[in-house]
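Peer 1: could you work out the structure for the sequence below:
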Amino acid sequence: MKKANQLMQKLMEYFYDFIIPEVVEGEELECDTDLERQNVEEMYEHVRLQHQSEDVGGEIYDVQHQA
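Peer 2: Residues are numbered from 1 along each chain as shown. Okay, the predicted model is just below:
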C-alpha cells in the first residue's frame, strides 16, 4: 500500500506540479497529533460556548427544511 501511495505522489508531482512533503516518522508525527488534538479541543470549546450563549439568548433556530 505504501508503494502505491508513493507512486500516486510521484504522478501528482509530475502531472499536476503538486509538491508533497515527505513525512518524517517520530517527533513530527507526534507534533502533528498534539496539534490536531489541540485544534479539536479548541473547536469543542468554541461550540460549547456558542451553545451556552444561545441558551442564554433564548433564540431557537429550526434548521430542518420542510419536506
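Peer 1: L11 versus N5, what's the distance?
Peer 2: As judged by C-beta to C-beta, to the nearest Å, N5 and L11 stand 11 Å apart. (C-beta placed from N, C-alpha, C; glycine too.)
Peer 1: cool, H46 as well?
Peer 2: Distance, H46 to L11, by C-beta to C-beta: 39 Å.
Peer 1: lowest confidence element among the helices and strands of the protein?
Peer 2: For the chain, using mean pLDDT, DSSP states H and E, the weakest element among its helices and strands is helix 27-57, scoring a mean of 79.
Peer 1: element containing H65, please.
Peer 2: According to DSSP states H and E, H65 maps onto no helix or strand at all.
Peer 1: quick check: phi and psi at it.
Peer 2: H65 adopts backbone torsions of phi -80, psi 150, taken as degrees, to the nearest 10.
Peer 1: circling back to that earlier point, tell me how far the least confident helix or strand of the chain lies from the chain's centre.
Peer 2: Remark: helix 27-57 is offset 11 Å from the chain centroid, using C-alpha atoms, centre = their mean, to the nearest Å.
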